[in-house]
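Colleague: A structural model of the following input is requested.
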Amino acid sequence: AAADNAVMLLDAAKGLEPQTRKLFEVCRMRGLPLFTFVNKMDRPALTPYDIMDQIEEEFGLETHPILWPIGDGDRFKGVLDRLTDIVHLYQKPVKRGAKAEV
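Modeller: Next comes the predicted model:
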């Protein structure tokens, strides 16, 4: 096989999109483990609960978040690592497009 697992990337504002659904079906058909990552939490977004509900309702999967966002959109401050209980706070870059400091 060309792959032994897959990463499903979700836009926090859009949630499940058609290409996401297609990827999931291919992974289910081939029995591939799937890790889901939600990005763009620093923009106006669905709540983590809404995204988890979409995944659970549409795909019939239990979700187990490892990282939990602290705020969203302009109020996004960082993430809590639920495995280690470490908070990673981000400092917004001064210049647009620059990398944020952790």
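
Colleague: Can you tell me the SS state at residue 58?
Modeller: helix (DSSP: H, G, I helix; E, B strand; the rest coil).

Colleague: how far away is the closest residue to it other than its chain neighbours from residue 53?
Modeller: Among residues not flanking residue 58 along the chain, residue 16 sits closest, at 6.1 Å (C-beta to C-beta, 6 or more residues apart in numbering). For every residue, glycine as well, the C-beta is placed using N, CA and C. For residue 16, the distance to residue 53 (C-beta to C-beta, to the nearest Å) stands at 10 Å.

Colleague: Check residue 31 too.
Modeller: Going from residue 31 to residue 53 by C-beta to C-beta gives 25 Å.

Colleague: The two - which one has more neighbours?
Modeller: The neighbour count for residue 31 versus residue 53, taken as other C-beta atoms under 10 Å, is higher for residue 53 (14 against 7).

Colleague: Then the more buried one would be within a helix, right?
Modeller: Yes: remark: residue 53 belongs to a helix, assigned using three-state DSSP.

Colleague: How confident was the prediction at it?
Modeller: With respect to pLDDT, residue 53 has a value of 96.

Colleague: Next up, phi/psi of the most centrally placed residue in the chain, please.
Modeller: The chain has residue 38 as the residue nearest its centroid, 1.5 Å off, counting by C-alpha atoms, centre = their mean. Its backbone dihedrals place residue 38 at phi -110, psi 120, with angles given as degrees, to the nearest 10.

Colleague: so it makes contact with residue 52?
Modeller: No: with contacts defined as C-beta atoms under 8 Å, residue 38 does not count as touching residue 52, sitting 9.4 Å away.

Colleague: Understood, closing this out.
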